[in-house]
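Novice: Based on what follows, work out the 3D shape:
(one chain, ligands or ions: 1)
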Amino acid sequence: MSGKRLILMGPPGGGKGTQAKRLQEKYGIVQLSTGDMLRAAVKAGTAVGKQAKEVMDAGKLVSDDLIVAMISERIDEPDCANGFILDGFPRTVPQAEALDKLLSSKGIALDKVIEVAVPDAKLIERITGRFTCAKCGEGYHDKFKQPQKAGVCDACGGTDFTRRADDNEETVTSRLKAYHDQTAPLMPFYKEKGLLEVLDGDRPMDAVTADLERVLGS
Ligand code: AMP
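Specialist: Okay, the predicted model is just below:
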């Protein structure tokens, strides 16, 4: 089925980004990660980036208005016409309400909201060990997924790797707090609408992908 419009929810480090990339490939729908958009804005030194950097470094949430404006513009791009996976958005009830309004003004609706659930105790280790290829964005982990040849990306052969500025233990604690305080209340919001599906994310990546594909169909 084409035209899927999804929200992938879950705690920081829960594997949303990795799974969204896989779904993007399988279904030909685009991954919209507000975190990636903000990191690109920070790197480019735009006004949005300047506003967001400090908040991100503290592990807090960027203002709803800024995020909603960013997503609203992005969803109008032609590559979203076939469907999209929202990754890291919405993260607060006001963002979810704004998304509802935004979608209905465009005459479109969400098909599913999927929560990839992972217990807190696992997340710190997952987050603090992760790094990505600077060239192609392939994800790695100090403990769980090293490149086959040390220092060389399996996917593109790149030799430059980066770590996110906010992937340190101190910031992770604030990010988890923001998740529990501000984002977890979205689960009942979407459950009530009959859209929520909860998957166990505390398993190998391939098992989680298989479950997602089962929920989403062909
Ligand atoms: P992520 O890559 O999704 O973990 O996001 C990294 C950081 O970007 C978060 O800790 C927030 O500071 C900010 N951010 C990303 N998405 C949102 C959002 N929907 N609302 C508020 N802040 C966000």
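
Novice: Okay, strands next: where are they in the chain?
Specialist: 4-9, 30-33, 83-87, 112-117, 130-133, 139-141, 161-162, 196-200 (DSSP state E).

Novice: Quick one: name the residues of the chain near the ligand.
Specialist: 12, 34-35, 38, 55-56, 59-62, 67, 88-89, 91, 95, 166, 175 (CB under 6 Å from any ligand atom). (Glycine included, C-beta is placed from N, CA and C.)

Novice: In CSV: the strands of the chain, plus distance to Gln24, mean pLDDT and mean neighbour count.
Specialist: Shown next, in CSV, are the strands of the chain (distance: least, CB to CB, whole Å; pLDDT from 0 to 100; neighbours: other CB atoms under 10 Å):
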stretch, distance to Gln24, mean pLDDT, mean neighbour count
strand 4-9, 11, 96, 23
strand 30-33, 5, 96, 20
strand 83-87, 6, 97, 24
strand 112-117, 14, 97, 21
strand 130-133, 16, 96, 19
strand 139-141, 14, 93, 15
strand 161-162, 21, 96, 14
strand 196-200, 17, 97, 16
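
Novice: closest one to Val48 among those strands?
Specialist: Ranking the strands of the chain by proximity to Val48 (CB to CB) places strand 30-33 first, at 14.7 Å.

Novice: In the sheet, which strands lie alongside that closest one, parallel or antiparallel?
Specialist: strand 83-87 (parallel) (DSSP bridges).

Novice: what sits up against the strand it pairs with?
Specialist: The set of residues external to strand 83-87 that reach it, using CB atoms under 8 Å, 6 or more residues apart in numbering, is 2-8, 16-17, 20, 23-24, 27-36, 71, 75, 99.

Novice: hmm, try it at 6 Å
Specialist: Here strand 83-87 makes contact (CB atoms under 6 Å, 6 or more residues apart in numbering) with 3-8, 16-17, 20, 23, 29-33.

Novice: farthest pair in those residues?
Specialist: Gly3 and Gly17, at 22.5 Å, using CB to CB across the contacts of strand 83-87.

Novice: The residue in the chain positioned nearest to the ligand: how many residues sit nearby?
Specialist: The nearest approach of the chain to the ligand comes at Gly35, 1.9 Å away (CB to the nearest ligand atom). By other CB atoms under 10 Å, the residues close to Gly35 number 18.

Novice: Start at 101, not 1
Specialist: Happy to do that; since the first residue is 101 now, the last one works out to Gly135.

Novice: what sits against the closest residue to it other than its chain neighbours?
Specialist: Nearest non-adjacent residue to Gly135, counting by CB to CB, 6 or more residues apart in numbering: Gly188, 4.6 Å away. When contacts are counted by CB under 6 Å, 6+ apart, Gly188 touches Ser133, Thr134, Gly135.
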